[in-house]
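Asker: next one to model:
(chains A and B)
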2 protein chains.
Amino acid sequence: MTQKIIGIDLGGTTIKFGILTISGEVQDKWAIETNIIGNGKNIVPDIIRAINHRLDLYKLDKSDFIGIGMGSPGSVDIDKNTVKGAYNLGWEELQEVGREIEVGVGLPFAIDNDANVAALGERWVGAGENNPDVIFMTLGTGVGGGIIAAGNLIHGVAGAGGEIGHVTVDPDGFDCTCGKKGCLETVASATGVVRVARQLAEEYEGESDIKAAIDNGETVTSKDIFIAAEAGDKFADSVVETVGKYLGLAAGNLGNTLNPDSIVIGGGVSAAGEFLRARVEKYFKVFTFPQVRESTKVKIAELGNDAGIIGAASLALKFAKDNEVA
Amino acid sequence: MTQKIIGIDLGGTTIKFGILTISGEVQDKWAIETNIIGNGKNIVPDIIRAINHRLDLYKLDKSDFIGIGMGSPGSVDIDKNTVKGAYNLGWEELQEVGREIEVGVGLPFAIDNDANVAALGERWVGAGENNPDVIFMTLGTGVGGGIIAAGNLIHGVAGAGGEIGHVTVDPDGFDCTCGKKGCLETVASATGVVRVARQLAEEYEGESDIKAAIDNGETVTSKDIFIAAEAGDKFADSVVETVGKYLGLAAGNLGNTLNPDSIVIGGGVSAAGEFLRARVEKYFKVFTFPQVRESTKVKIAELGNDAGIIGAASLALKFAKDNEVA
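Answerer: Here you go, the predicted structure:
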């Protein structure tokens, strides 16, 4: 009998599913559309139906499965397996996600927030190489993260552990949506990179297509900026340098504090790959003391969109192991 | 039969011992001088003799003891129970501390570095109130710390976890002994506070006994500065304000990252008590996002010099529990 796990990555546009082995290999994956009509009341029934249908289709026996893990947006209660305040799903009120799925599928269920789950995925079979100390930073629409320290995901007292996007990197910096100033998110999210570019454009005097586009009021994305910088646009390069400095400061202080094996950068902005990584590492080395500089690595995420289903599966595996010991 | 634990706090001038209950109550404590003659070759034999003598004196049976825990300066290998590079003890070379004490006393032994052990003590029965997520910052000759997250002491990949003194609080700040700039230690250790005072004295134009003393080349301590500030010296108050801002930034980012139940400030500088705490908290609130601001507390350490023996005892208790499960 081969033991398997189901991982679910619940997002605002699609719900991704994976069937994995206990060593983290994805054997099968599929996705369905997220139906947010009626305050997302169909989401959980859709998930249950999708899993049961897949198991029937491939004639898979439920007794071969250890359990189901899921990553969700919003505010997740990992003890009660509930979610609330996931506005992109229409879930304003508390949702009894775990109870319904456990009954509907008949397997044990574990849940955590999406950034934490992606961190677990990268740590398990991605860039984190299954080390007990790994920090994951995700640079996308916002900046999020997850921290695994001494083998455990860190939630903190109110579940805000790992909210790396709100680390202060410039006490006099841009206003953040959270109400304070100079959060990493204001300068290193996709919109943050563009915000830095707008600020630097005011003072830059050389030739640059990116600066010209900004001055002309054209739409410029963080991707445009990274591509131009890599192609030699000096203005765009100064933007990457500034963003890299802020990321290096934040990553450096995470390193000085927790000395993880690696700090893994994922999310859309990380598509810039080695070009971004090298820039962050340059400043990481400036802002870390020798022991950390020599032992903590800066890496780019490896799993892409699969991080969610893989990390979700690891959640179910850990839940099963914890219950074995107890 | 009452189960007891022995805690040892090894320092450069004294070695403190405690006999504790498994709930962390100190039933007996004593201290001996640290004999660093001959590269500290007598230290371990002195420890063994001190414990065996005390157990004989009070007719305590070894079978009543769970084990021995110890906090040590230097570079501690917690798996091998060895210490090296503890220069204030004369221990430049590797010392087989654990093996010798286990044989000499006949009880299981666990060890960690002194800042981590003090953190465990404050977390267990001090200001940390036995919460699973507590950060301890110690402000003394240097700035050190210990991080307990999800119930575990965080060592990181190279044992540098919790080295809060080298968090960068000002990228353009003072040079640190570690080789980088603007470490928390350069502005918040006992000498750091005085360094900040010297810098601010250059520009301060009002009346101040502290400024006058600095300008006259007299010896001014961090304690003098805190006392003067509390008594109304405006210059001294501006020093406390600046130090509080740096500490609040560092503590804020620790909060934003790990969302502990509390950040506990100990060490000599923390003798300034509520006056210092309130100033750090003021800036902690400026530099944290709402969820953390409302859930993570800033506290002053409660155990004073006993933190070391109490934390050391907790190390032995954890070691015993881990071995029970295994």
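
Asker: contacts and neighbour counts: CA atoms only from here.
Answerer: Noted.

Asker: centre of the chain versus stretch A:226-236, how much separation?
Answerer: On the basis of CA atoms, centre = their mean, to the nearest Å, stretch A:226-236 sits 26 Å off its chain's mean C-alpha point.

Asker: now do the same end-to-end measure for that stretch.
Answerer: With CA to CA, to the nearest Å as the measure, stretch A:226-236 spans 7 Å from end to end.

Asker: repeat for stretch A:86-98
Answerer: Termini of stretch A:86-98 sit 15 Å apart (CA to CA).

Asker: could you give the average pLDDT over it?
Answerer: Here stretch A:86-98 scores 94 as its mean pLDDT.

Asker: check stretch A:264-283 too.
Answerer: Across stretch A:264-283, pLDDT averages out at 96.

Asker: next one: that stretch to chain centre, how far?
Answerer: That offset, for stretch A:264-283, works out to 14 Å (CA atoms, centre = their mean).

Asker: need the contact partners of it.
Answerer: Residues from elsewhere that reach stretch A:264-283, judged by CA atoms under 8 Å, 6 or more residues apart in numbering or on different chains: A:122, A:127-128, A:134-140, A:189-190, A:222-223, A:226-227, A:230, A:240-241, A:244-245, A:247-249, A:252, A:298-301, A:304.

Asker: change it to 7 Å
Answerer: Stretch A:264-283 has contacts (CA atoms under 7 Å, 6 or more residues apart in numbering or on different chains) with A:127, A:135-140, A:190, A:226, A:241, A:244-245, A:247-249, A:298-301.

Asker: list only buried entries from those residues.
Answerer: Neighbour-count burial (16 or more other CA atoms under 10 Å in any protein chain shown) applied to those gives A:127, A:135-140, A:190, A:226, A:241, A:244-245, A:247-249, A:298-301.

Asker: in strands, which of those appear?
Answerer: Counting by DSSP state E, the part of these found in strands is A:135-139, A:298-300.

Asker: same list (those residues) but as a markdown table, adding pLDDT and distance to A:Leu20.
Answerer: Below are those laid out as a markdown table (pLDDT from 0 to 100; distance: CA to CA, whole Å):
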| residue | pLDDT | distance to A:Leu20 |
| --- | --- | --- |
| A:Ile135 | 98 | 23 |
| A:Phe136 | 98 | 22 |
| A:Met137 | 97 | 24 |
| A:Thr138 | 96 | 23 |
| A:Leu139 | 96 | 26 |
| A:Val298 | 98 | 28 |
| A:Lys299 | 98 | 25 |
| A:Ile300 | 98 | 23 |
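
Asker: farthest pair in the residues you listed?
Answerer: Farthest pair in those (CA to CA) is A:Leu139 and A:Val298. Separation: 14.3 Å.

Asker: which strands or helices does the lengthiest helix in chain A pack on?
Answerer: For chain A, the helix with the greatest residue count under DSSP state H is helix A:234-258. Secondary-structure packing of helix A:234-258 (3 or more CA pairs under 7 Å, 6 or more residues apart in numbering or on different chains; DSSP states H and E): helix A:190-201, helix A:222-230, helix A:273-286.

Asker: now the angle between helix A:190-201 and that helix, please.
Answerer: Interaxial angle, helix A:234-258 versus helix A:190-201 (axes from the mean of the first three to the mean of the last three CA atoms, to 10 degrees): 120 degrees.

Asker: what are the contacting residues of helix A:234-258?
Answerer: So helix A:234-258 is contacted by A:169, A:187-188, A:193, A:196-197, A:208, A:210-211, A:225-226, A:228-229, A:279-281, A:283-284, A:287-289, A:292, A:296, B:154, B:156, B:161-164, B:166-168 (CA under 7 Å, 6+ apart).

Asker: before we move on, what about stretch A:222-233?
Answerer: Contacts of stretch A:222-233 (CA under 7 Å, 6+ apart): A:190, A:193-194, A:208, A:210, A:236-237, A:240, A:272.

Asker: let's go with 6 Å and repeat that
Answerer: The contact list for stretch A:222-233 (CA atoms under 6 Å, 6 or more residues apart in numbering or on different chains) reads A:190, A:193-194, A:236-237.

Asker: check the offset of it from the chain's centre.
Answerer: Taking mean C-alpha positions (CA atoms, centre = their mean), stretch A:222-233 and its chain are 24 Å apart.

Asker: now stretch A:3-23
Answerer: The chain centroid and the centroid of stretch A:3-23 are separated by 15 Å under CA atoms, centre = their mean.

Asker: what is the mean pLDDT for that stretch?
Answerer: On average, the pLDDT along stretch A:3-23 is 96.

Asker: one more: stretch A:117-129?
Answerer: The pLDDT scores in stretch A:117-129 average 97.

Asker: go on, stretch A:156-172?
Answerer: Computed over stretch A:156-172, the average pLDDT equals 96.

Asker: what does chain A put close to chain B?
Answerer: Contact residues, chain A versus chain B (CA under 6 Å from any CA of the partner chain): A:156-157, A:160-164, A:167, A:178, A:253, A:256-261, A:289.

Asker: so among those, which ones count as buried?
Answerer: Among those, the ones that count as buried by 16+ other CA under 10 Å are A:156-157, A:160-164, A:167, A:253, A:256-261, A:289.

Asker: out of those residues, give me the two with the largest separation.
Answerer: A:Val157 and A:Phe289 (28.7 Å).

Asker: A:Ile32 touches A:Thr13, doesn't it?
Answerer: No. A:Ile32 is beyond contact range of A:Thr13, at 8.8 Å (criterion: CA atoms under 6 Å).

Asker: hey, what's in contact with both of those two?
Answerer: Contacts common to A:Ile32 and A:Thr13, judged by CA under 6 Å, 6+ apart, are absent.

Asker: which residues does the helix or strand containing A:Lys321 contact?
Answerer: Using DSSP states H and E, A:Lys321 falls within helix A:307-325. The contact list for helix A:307-325 (CA under 6 Å, 6+ apart) reads A:5-9, A:18, A:67-71, A:110, A:117-118, A:120-122.

Asker: what about 7 Å?
Answerer: A:5-9, A:16-18, A:24, A:66-71, A:109-110, A:114, A:117-122.

Asker: in that helix, what's buried?
Answerer: Quick answer for helix A:307-325 (16+ other CA under 10 Å): A:307-317, A:319-320.

Asker: and those, which two are the farthest apart?
Answerer: The distance between the two most remote of the buried residues of helix A:307-325 (CA to CA) is 20.0 Å, for A:Ala307 and A:Ala320.

Asker: pull out the buried positions in stretch A:99-113.
Answerer: Neighbour-count burial for stretch A:99-113 [16+ other CA under 10 Å]: A:100-102, A:104-105, A:107-113.

Asker: endpoints of it, how far apart?
Answerer: Stretch A:99-113 has an end-to-end distance of 17 Å (CA to CA).
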